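# Quick one: sequence plus predicted model below, questions after.
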Amino acid sequence: MTVLWGRRANNKPVKEKILEAYETLAEQYNARIDHKPHNAYYDRPNTLNLIGDVKGERILDAACGPGKYAEIFLEQGAYVTGFDLSPKMVALAKARNGAQGEFFEHDLSQPLAMFEDAQFNCIVCALALHYIEDWNPVLNEFNRVLKKGGRLVISVEHPFFEYTYFKSKRYFDVEEVTATWSGFGERVKVHSFRRSLQEVIQPLVTNGFLVDALVEPKPVAEFEKLDPKHFRELNTFPTFMMVRGIKPN
Ligand SMILES: C[S@@+](CC[C@H](N)C(=O)[O-])C[C@H]1O[C@@H](n2cnc3c(N)ncnc32)[C@H](O)[C@@H]1O
C-alpha cells in the first residue's frame, strides 16, 4: 500500500478533521438518516441484504453513526453493540435506541481491546472504512472478535466512482481526498481516503476473510420518488460497493 499523505493543509491530523466534520453534521445526519435516499434506499437495503437474518445474533455495528442500522437489528431481535468516533453520534444512537443495545465512543483504528476473541456473529461497518488510511489493523481486529463462520459486511464508496469524482491521477495509491457535503444542511468539508479496488479486497483476504460476495448496488424503487436524477445515474454507474467476508471455520 502506498500512502500519499497523513497530515494536510491546516496541520491537524486527518482524524481530528473527520471528527470535527461529524460533530458538526451529527444532528442533521440523524434527522435525515431514515429517508435520505443514498442511505435509506441505496446503501441500507443492499448492505442489509448481504447481512441476512440476524435474529438472536450478536452484532457489532462499527462506526454506528446515529444508530439506524442498530435500530433495524434490534427490531429483528439481535443483540447490538455499536461504537463511533463522534460523541454526538454515540449520544444520538443511545437516544434512538433507548436502553436497548450498547453504544460507546471508540476509534476504529484502535484495537478492540474491550472484546474477547470470537464474540460476534456479524460485524457491519457501513460507509466508514474510507475514513481509515490503513485497513489492516482494523480488519485484523474484526477477524479476531468474530466467531468462526461469522460474517463481516462493509459498504464503501466505489473505487471507480471515487477515482473519477476526485479526479485522481494515481489510481493505485491510497490518497487523502476532501469533499464538500451539502446534503445534510450546512456545507461541511469531509476528509477521507480513496483507494483502488485491490486495496479494498486484499486487506480482507490478508486478514483472514474469505470474500464471498461483492455487490455493485442499484437503488431501490423508493429512491426514484425522492431523487429521480440520481436514481437514473445510479442505475448506470455505482457510487457505493458492498463486500462480505466470512471468517472460515
Ligand atoms: C457516513 S457515517 C455512517 C454511519 C452509519 N454506519 C450509517 O451507515 O448510518 C460515517 C460514520 O463513521 C464515523 N467515523 C469516522 N471515522 C471513524 C473512526 N476512526 N472510528 C469510528 N468511527 C468513525 C463517523 O463519526 C460517522 O458516524
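Here it is on my side, so go on.
# my guess is A21 meets S192, correct?
No: applying Cβ atoms under 8 Å as the test, A21 and S192 come out as separate, 9.7 Å apart. In short, each C-beta sits where N, CA and C put it, glycine included.
# which one of the two has more residues nearby?
S192 (24 against 20; other Cβ atoms under 10 Å).
# Find me the pLDDT at that one, would you?
With respect to pLDDT, S192 scores 96.
# In a helix, it, correct?
No: S192: not assigned to a helix; according to DSSP: H, G, I helix; E, B strand; the rest coil it is strand.
# Tell me who's in contact with it.
18, 130-131, 157, 176-179 (Cβ atoms under 8 Å, 6 or more residues apart in numbering).
# Next: L85.
Listed by Cβ under 8 Å, 6+ apart, the contact partners of L85 are 15, 18-19, 22, 63, 105-108, 131.
# Kindly report the same for Y29.
Contacts of Y29 (Cβ under 8 Å, 6+ apart): 22, 65-66, 89, 184.
# Just say helix, strand or coil for whichever residue of the chain sits closest to the ligand.
Closest contact between the chain and the ligand, by Cβ to the nearest ligand atom, is at G65 (2.5 Å). With three-state DSSP as the basis, G65 sits in coil.
# Ok, F142 next?
helix.
# Identify the residues contacting the strand ranked longest in the chain?
In the chain, taking DSSP state E as the definition, the longest strand is strand 146-157. Here strand 146-157 makes contact (Cβ under 8 Å, 6+ apart) with 43, 46-47, 50-51, 118-127, 129-130, 139, 142-143, 192, 194, 200, 204, 209, 239-249.
# Among the residues you listed, name the ones in helices.
Assigned to helices by DSSP state H, the following of the contacts of strand 146-157 qualify: 46-47, 50-51, 139, 142-143, 200, 204.
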